[in-house]
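K.L.:
sequence below, structure please.
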Amino acid sequence: MSDSARYNRVQIILHWIIAAIVFFMIALGLYMTELPKQSELAPGEESVRAFYFLLHKSMGITAAMLILLRIFWRITHKAPPLPDTVAKWQQKAAGAVHWLLYGIMIAMPFSGYMQSMFSKYDTKFWGIVLPRVAEADKAMRETFSQVHEILAFLFIGVIIIHIAAAIKHRLSGTEITNRMSLRKH
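P.N.:
Numbering: from 1, shown residues only. Down below sits the predicted model:
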């Protein structure tokens, strides 16, 4: 595969770093929300829930910064065209899935950040307390919490479609998956 048919190195690295963070964040989000709150534990027992929530928030803000960098890079560096061997409907479907992925990657950290802002707890980024942009508001926090949860499950669905398409192309022998491969082929 020629270099012109591949994404550039920055796009490839950002893709895989963000993918790893997203998988970690989804697993962490599903795990941490099932942990008991301090008020639900017996006297003397300590909840680890806050640690995982703080980790999730810091990872989410980190992911948001990388996603913004990825979007900027994508706007300023054109994606390689899909080969003519890919059916037009598949090209349109791929475009739609990518737009959905980018949209959700923007909406997820935003909804999580807003959920955190309307919480009674401070929002910390790797231990640094971030300034409040809103006062604690239980109803707004719950609204953004629901939005964040719905987006998470939508994100999982779109990721599954994205991965399934990559597997389909890999199994059919097309070189499309090499466009984003970490190693040159």
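K.L.:
middle-most residue in this structure, spatially?
P.N.:
residue 22 (4.2 Å; C-alpha atoms, centre = their mean).
K.L.:
helix, strand or coil for it?
P.N.:
helix (DSSP: H, G, I helix; E, B strand; the rest coil).
K.L.:
give the buried residues for stretch 44-60.
P.N.:
Within stretch 44-60, the residues that count as buried by 16 or more other C-beta atoms under 10 Å are 49, 52, 53, 54, 56, 57, 58, 59, 60. From N, CA and C alone the C-beta is placed, and that goes for glycine too.
K.L.:
what are the contacting residues of that stretch?
P.N.:
Stretch 44-60 has contacts (C-beta atoms under 8 Å, 6 or more residues apart in numbering) with 21, 24-25, 28-29, 31-32, 35-38, 40-41, 108-109, 112-113, 116, 123-126.
K.L.:
cool, stretch 63-71 as well?
P.N.:
With C-beta under 8 Å, 6+ apart as the criterion, stretch 63-71 contacts 11, 14-15, 17-18, 21-22, 25, 102, 105-106, 109-110, 113.
K.L.:
next, count neighbours for residue 70.
P.N.:
By the criterion of other C-beta atoms under 10 Å, residue 70 has 20 neighbours.
K.L.:
tell me how far the helix or strand residue 26 falls within lies from the chain's centre.
P.N.:
Using DSSP states H and E, residue 26 sits in helix 9-32. The chain centre lies 6 Å from the centre of helix 9-32; the measure is C-alpha atoms, centre = their mean, to the nearest Å.
K.L.:
sorry, back to before: would you agree the residue nearest to the centre of the chain is in contact with residue 158?
P.N.:
No. Residue 22 is beyond contact range of residue 158, at 10.9 Å (criterion: C-beta atoms under 8 Å).
K.L.:
before we move on, the earlier item: can you say which of the contacts of stretch 44-60 are buried?
P.N.:
Buried residues within those, counting neighbours by 16+ other C-beta under 10 Å: 21, 25, 28, 29, 32, 108, 109, 112, 113, 116, 123.
K.L.:
quick check on the last one: phi, psi?
P.N.:
This means residue 123. Torsion angles at residue 123 (phi, psi; degrees, to the nearest 10) stand at phi -100, psi 120.
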